[in-house]
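Student: build me a structure from this.
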Amino acid sequence: MQFQKGQGGNPAGRPRGPRNKASIRMQEMLEQKVDELVEKLVQIALAGNIGALRVCLDRLLRQQTSLSFARCRAWKRPPTR
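Tutor: Numbers count the residues shown, from 1 in each chain. Next comes the predicted model:
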């Protein structure tokens with residue numbers, strides 16, 4: 001056996017923080033076009049795309065720290081038939 005049982009060739013593992021070069025490049029590309037992407041997402045959401053609407057609302061609600069849990073609980077779901 002080359003290594004003792006339970007010990008690998010890289011006991012420290014992959015260092016924390018370093019990312020794949022492709023991930024870094026993708027993030028750089030997205031950051032360059034963030035305004036256009038957000039505008040397009042809002043347009044798609046307004047056109048009725050539920051997934052895009054969910055993303056927009058999720059981002060908005062995360063930023064609204066003044067929106068209390070009590071106000072959310074006060075909303076009543078319409079009765080189903």
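Student: hey, where'd the helices end up in this structure?
Tutor: Applying DSSP state H to the chain gives helices spanning 21-32, 34-46, 50-63, 69-74.
Student: hmm, who's touching the third one?
Tutor: Same thing as helix 50-63. 41-42, 44-45, 67 (Cβ atoms under 8 Å, 6 or more residues apart in numbering). To be clear about C-beta, it is placed using only N, CA and C from the backbone, and glycine gets the same treatment.
Student: among these, name the buried ones.
Tutor: The neighbour count (16 or more other Cβ atoms under 10 Å) marks 41, 45 as buried among these.
Student: nearest to N20, of the contacts of helix 50-63?
Tutor: L41 (25.0 Å; Cβ to Cβ).
Student: for the closest one, give me its contacts.
Tutor: If you count contacts by Cβ under 8 Å, 6+ apart, then L41 has 52, 55-56 around it.
Student: any chance of those in a markdown table, with pLDDT and neighbour count too?
Tutor: Putting the contacts of L41 into a markdown table (pLDDT from 0 to 100; neighbours: other Cβ atoms under 10 Å) gives the following:
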| residue | pLDDT | neighbour count |
| --- | --- | --- |
| A52 | 91 | 17 |
| V55 | 89 | 15 |
| C56 | 86 | 17 |
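Student: so which of the residues you listed is the closest to M26?
Tutor: V55 (18.0 Å).
Student: tell me how far the closest one lies from Q27.
Tutor: Computed as Cβ to Cβ, to the nearest Å, the V55 to Q27 distance reads 18 Å.
Student: tell me the pLDDT of D35.
Tutor: Predicted confidence (pLDDT) for D35: 91.
Student: that one: how many residues sit nearby?
Tutor: Neighbour count of D35, defined by other Cβ atoms under 10 Å: 8.
Student: the one 4 residues further on too?
Tutor: Around E39 there are 10 other residues, counting by other Cβ under 10 Å.
Student: same check, this time on D58
Tutor: 10.
Student: how close does it sit to Q43?
Tutor: 17 Å.
Student: how about S23?
Tutor: 27 Å.
Student: check L60 too.
Tutor: Per Cβ to Cβ, L60 is found 16 Å from Q43.
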